[in-house]
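>>> Have a look; sequence and predicted model below, questions after that.
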Amino acid sequence: MAFKHTWGLGKGYNIYKKEITVDWWGKCKELTFSILPDKPTLPNSLSEVKHLIVIPVVNESEKVIEGFINSLLDQSFPINQITLAFTIEEKFAKEEQARILKVFGDRVSMLGNLFVYIHPGDIFGEAKGDGGANRSWGCKNAVEDLKKSGENARNYIFSNFDADHVLHREYISRVTHLYLTTDNRDNHFYSSAVPLFDNNLWRVPLMMRIEANAVTLGVLADWAVSKGKQKKTFSAFSTSLNTLIDAEFFNVYLGADDTIFYWRAFFARKGNFDGICHYVPYAADAVEGSNYYDSHRSLYKQLLRWGWGAVDFPLSMKGFLKDRGEINYIKKFHWALRHIQDRVILVNIVFLITFGFGIVTLVNPLVRQSNFAYSLPKIMRNILTITLICLVPATYYRLKLNKPMPKDWPLWRKLIALLEGPLIILNLLTFSAIPAIDAQTRMMFGRKASNLHYTPKVR
């Protein structure tokens, strides 16, 4: 597993270095539409390819909004072919709308459309603190307004972002090129394999940085070796607007918006829905609170919210059982195994390695006298040695992917940042496991995702 992860990092990083140097809008203009695949879903020309981007907003600061807006307006893709929709929680609607319009200033006219919607805060049954209800509200209203203005949904690519995302200049052009050159384009989502968290990476406490880097490196390595098979939508992704409509937008009740969207699209497409990645990055915020304690508290609550994503296991199993042969049985089996790996093994493996033998000997002291008991220390030593060796290339790649460390940092702080790799064991024993177990335990006792933690963005 460690070797596979390291190999994926090397492969993914090399592709990333190549893709960020390409003029993807220039590549789009070189496309010959008459020979592109899947003609029924293909726009007639490049000028008819349009984007709908929906951003849910709670109470983001002007600086957070500014980062996304500036990166969007700096895209190589024509801005006048982009419709941007902000959907704001009712409680902060007046202040947030004023911030958005202030940041845009006279640049609003650069966009094809700018929509601002207000999501009511008192809709019965919606999961609070999760973006799904807000996203769904914005998407439904934006689609309705586009149709009223005579727009053809067939020409639109939908993109799901958060307010703190800062896009690489070629991001939208890369998604466009990938979308146009993909066969059965309605049956895929398109996602970056390089989600960075370096908007504030060097400002947050150690555990927040370890968690953020673990996500970046894990996603990059996994995409590089999996080629989209058994990959779910996460954070920023794109798909055809028709697929968004056919999937009936986002779930507003379960509290796991991007994870559950995958399964809505999966069943809408009769099991024929997979991911395709590119390597042009976007940057987001690592979890940060108002102080050291608040940062850790906020991280725990965010990971608890992510832990609710385990609801996709019963949801997908129910869909598999109801299926009448339209979905491939092998795909069902592989997804069942992936669920067990993600929701059971990966959550608990570090505890089993650390405390498993001690628990077994408490239950059965005779185990100490077995041959296995004598060979176990050697086995564990080898496993940990291999893991530590593989942390060396992981450290290299995370330093290459992220912004440089602050120059004014003292030497001791830079050394800690360089050597923080082995401390991932603390993350695995705490923030990577306990919130997931907490969420699953609450589910087991029938608790609902009613008041989840919306992670504030600090500037």
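Yep, that arrived. Numbering: from 1, shown residues only.
>>> who are the neighbours in contact with residue 186?
By Cβ atoms under 8 Å, 6 or more residues apart in numbering, residue 186 lies in contact with 41, 239, 240, 242, 243, 269. From N, CA and C alone the C-beta is placed, and that goes for glycine too.
>>> if you set the cut-off to 7 Å instead, what comes out?
Listed by Cβ atoms under 7 Å, 6 or more residues apart in numbering, the contact partners of residue 186 are 41, 240, 242, 243.
>>> One more: residue 189?
With contacts defined as Cβ under 7 Å, 6+ apart, residue 189 is in contact with 233, 237, 238, 239, 275.
>>> Mind doing that once more with 6 Å?
By Cβ atoms under 6 Å, 6 or more residues apart in numbering, the contact set of residue 189 is 233, 237, 239, 275.
>>> Closest one to residue 35 out of these, please.
Using Cβ to Cβ, the shortest approach to residue 35 within the contacts of residue 189 belongs to residue 239, at 23.3 Å.
>>> what's the neighbour count on residue 363?
By other Cβ atoms under 10 Å, 7 other residues sit near residue 363.
>>> separation between it and residue 436?
Counting by Cβ to Cβ, to the nearest Å, the separation of residue 363 from residue 436 is 25 Å.
>>> same check, this time on residue 225
Applying Cβ to Cβ, one obtains 23 Å for the distance of residue 225 from residue 436.
>>> More neighbours: which of these two?
Between residue 225 and residue 436, residue 436 has the larger neighbour count (other Cβ under 10 Å), namely 23 against 15.
>>> if you average pLDDT over the helix or strand where the more buried one lies, what comes out?
Using DSSP states H and E, residue 436 maps to helix 434-444. Averaged across helix 434-444, pLDDT comes to 85.
>>> And it, what does it pack against?
Taking 3 or more Cβ pairs under 6 Å, 6 or more residues apart in numbering; DSSP states H and E as the contact definition, the neighbouring helices and strands of helix 434-444 are helix 292-307.
>>> Show residues contacting the helix it packs on.
Outside of helix 292-307, the residues within contact range by Cβ under 6 Å, 6+ apart are 205, 208, 287-289, 431, 435-436, 438-439, 452-453, 455.
>>> burial of residue 131, as a residue count?
Other residues within reach of residue 131, judged by other Cβ under 10 Å, total 26.
>>> for it, what are its contacts?
So residue 131 contacts 56, 257 (Cβ under 6 Å, 6+ apart).
>>> Kindly report the same for residue 15.
With contacts defined as Cβ under 6 Å, 6+ apart, residue 15 is in contact with residue 279.
>>> So it: helix, strand or coil?
Here residue 15 is recorded as helix under DSSP: H, G, I helix; E, B strand; the rest coil.
>>> Report pLDDT for it.
Note on residue 15: pLDDT of 97.
>>> One more: residue 18?
The per-residue confidence score, pLDDT, reads 97 for residue 18.
>>> Show me which positions of the strand or helix carrying it end up buried.
Element membership for residue 18 (DSSP H and E) is helix 2-19. For helix 2-19, burial by neighbour count (16 or more other Cβ atoms under 10 Å) applies to 5, 6, 8, 9, 12, 13, 15, 16, 19.
>>> hmm, back to that, quick one: buried residues of the helix holding residue 436?
Buried residues in helix 434-444, counted by 16+ other Cβ under 10 Å: 434, 435, 436, 439, 440, 443.
>>> And those, which is closest to residue 347?
In terms of Cβ to Cβ, no member of the buried residues of helix 434-444 lies closer to residue 347 than residue 436, at 4.7 Å.
>>> measure residue 455 to residue 326 for me?
The value you get for residue 455 to residue 326, if Cβ to Cβ is used, is 38 Å.
>>> Have a look at the two and say which one is more surrounded.
Counted by other Cβ under 10 Å, residue 455 and residue 326 do not tie: residue 455 has more neighbours, with 20 against 10.
>>> Tell me if that one really is in a strand.
No - according to three-state DSSP, residue 455 belongs to no strand; its state is coil.
>>> related to what we said a few turns ago, go ahead and measure how far the helix holding residue 18 is from the middle of the chain.
Remark: helix 2-19 is offset 18 Å from the chain centroid, using Cα atoms, centre = their mean, to the nearest Å.
>>> Let me know the pLDDT of residue 2.
In the prediction, the pLDDT value recorded for residue 2 is 69.
>>> let me redo that: residue 389
At residue 389 the predicted local distance difference test score is 75.
>>> do the one 4 residues further on as well
In the predicted model, residue 393 carries a pLDDT score of 86.
>>> is it true that it touches residue 6?
Yes - counting by Cβ atoms under 6 Å, residue 393 touches residue 6, with 5.2 Å between them.
>>> how would you label residue 431: helix, strand or coil?
coil.
>>> what about it, distance to residue 286?
Computed as Cβ to Cβ, the residue 431 to residue 286 distance reads 12 Å.
>>> show me where the protein has strands.
Remark: strands assigned in the chain by DSSP state E are 50-57, 82-89, 113-119, 156-160, 166-167, 188-192, 195-196, 237-240, 274-278, 282-283.
>>> Out of those strands, the one nearest residue 411 is which?
Taking Cβ to Cβ, strand 195-196 is the member of the strands of the chain nearest to residue 411, at 25.4 Å.
>>> what lines up beside the closest one in the sheet?
Each strand that strand 195-196 pairs with, and the sense of that pairing, follows from DSSP bridges: strand 282-283 (parallel).
>>> ok so, going back, please say which of residue 431 and residue 286 ends up with more neighbours.
The residue with the greater number of neighbours, taking residue 431 and residue 286 and applying other Cβ under 10 Å, is residue 286; the counts read 25 against 22.
>>> Do I have it right that the more buried one meets residue 205?
No - applying Cβ under 6 Å, one finds residue 286 not in contact with residue 205, separated by 9.4 Å.
>>> Pull up the overlap in contacts between the two.
By the contact definition Cβ under 6 Å, 6+ apart, residue 286 and residue 205 are jointly contacted by no residue.
>>> closest to residue 128 out of the strands of the chain?
Closest among these, using Cβ to Cβ: strand 82-89, at 9.7 Å.
>>> average model confidence for the closest one?
pLDDT averaged over strand 82-89 gives 95.
>>> heads up, I number from 141, so please use that
Yep, numbering from 141; the last one is strand 222-229 now.
>>> List the strands paired with it, with their directions.
Strands flanking strand 222-229 in the sheet, each with its direction: strand 190-197 (parallel), strand 253-259 (parallel) (DSSP bridges).
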